[in-house]
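>>> Have a look at this fold, sequence not included:
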């Protein structure tokens, strides 16, 4: 799926962060969502690589990256820690500053990366999320029904891990296929990668720890930023699916403008999985923003 790209590994204390790198030009970090891997970018990576050095990585706990046991306070799956993983990856590749294109969970990592290391992130495109703190504080019945996994995956170990391990592909098909476009956006090659990684019990645990951290320590970090008036300074493009939960339950631009000083964006005619449902539309929106010259 990534012809011409090279596999790279960046060492971290718990193992390594896995990525594929290709193209030439300014560096662009791609961060995926749940329960996917860097493979979700395969429809847009070739065109992005014509203008950027593309780094598509697997988050900690996902894909072929390290999957450590979660700590008691979930701090080793905090978005702060996951952002540091990606910073180390980019540093190892020789990039001190870079832009980010990120979806879903990866966009939450990107949010923390740009808050904690503002001098490193030049521009960000965030796909189909509102800020984590806003989403938890505004939870209602419609959101809880649609994003039930936010509340299932945070249950104490080993409850969700045990249930998911019984038939993880059924869970993935039900959750991903239950959204706007069904399973149609996912190619056989990409789906096989998602399932291969999802069948690893360590991946399932990584998923749960990602969400457990989001409901605990990540909220502490976000509240601390809010109390200090700490906001995002880099230009941000927010894109979301018109047929998705973010559109129905939140006001994405309003929420991002509460935490960022230079925010623009709009809804696209698709659902949650923008890079696979509407790859050309994403490119048409993201490329002029990422490369304004």
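Sure thing, it's come through. Bear in mind that the values here come from a model prediction, so they are computed numbers and not experimental data.
>>> Which secondary structure element is home to residue 282?
Under the criterion of DSSP states H and E, residue 282 resides in helix 279-290.
>>> which secondary structure elements does that helix contact?
Judged by 3 or more CB pairs under 8 Å, 6 or more residues apart in numbering; DSSP states H and E, the packing partners of helix 279-290 are helix 45-48, strand 98-103, strand 121-127, strand 236-241, strand 263-268, helix 274-277. Yep, even glycine has a C-beta here, placed from its N, CA and C like the rest.
>>> Now distance to residue 74 and mean neighbour count too, for those, in a markdown table please.
Listed next are those as a markdown table, based on distance: least, CB to CB, whole Å; neighbours: other CB atoms under 10 Å:
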| stretch | distance to residue 74 | mean neighbour count |
| --- | --- | --- |
| helix 45-48 | 31 | 21 |
| strand 98-103 | 21 | 26 |
| strand 121-127 | 23 | 25 |
| strand 236-241 | 27 | 24 |
| strand 263-268 | 29 | 17 |
| helix 274-277 | 28 | 25 |
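>>> Please dump the ones you listed into JSON lines; it should also carry distance to residue 199 for every row.
Shown next, in JSON lines, are the helices and strands packed on helix 279-290 (distance: least, CB to CB, whole Å):
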{"stretch": "helix 45-48", "distance to residue 199": "24"}
{"stretch": "strand 98-103", "distance to residue 199": "22"}
{"stretch": "strand 121-127", "distance to residue 199": "26"}
{"stretch": "strand 236-241", "distance to residue 199": "28"}
{"stretch": "strand 263-268", "distance to residue 199": "32"}
{"stretch": "helix 274-277", "distance to residue 199": "21"}
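>>> how about JSON lines for the ones you listed, with distance to residue 162 and mean pLDDT added?
Formatted as JSON lines, those follow (distance: least, CB to CB, whole Å; pLDDT from 0 to 100):
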{"stretch": "helix 45-48", "distance to residue 162": "35", "mean pLDDT": "98"}
{"stretch": "strand 98-103", "distance to residue 162": "28", "mean pLDDT": "98"}
{"stretch": "strand 121-127", "distance to residue 162": "31", "mean pLDDT": "98"}
{"stretch": "strand 236-241", "distance to residue 162": "32", "mean pLDDT": "98"}
{"stretch": "strand 263-268", "distance to residue 162": "37", "mean pLDDT": "98"}
{"stretch": "helix 274-277", "distance to residue 162": "30", "mean pLDDT": "98"}
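>>> Out of the ones you listed, which gets nearest to residue 59?
strand 98-103 (9.8 Å; CB to CB).
>>> ok so, going back, of all the helices and strands packed on helix 279-290, which lies closest to residue 224?
Proximity to residue 224 (CB to CB) singles out strand 121-127 among those, at 19.3 Å.
>>> So which elements touch that closest one?
Other elements packing on strand 121-127 under the criterion 3+ CB pairs under 8 Å, 6+ apart are strand 98-103, helix 105-116, strand 236-241, helix 279-290.
>>> could you redo these as TSV and give each row distance to residue 17?
Compiled in TSV, these are given as follows (distance: least, CB to CB, whole Å):
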stretch	distance to residue 17
strand 98-103	15
helix 105-116	11
strand 236-241	24
helix 279-290	22
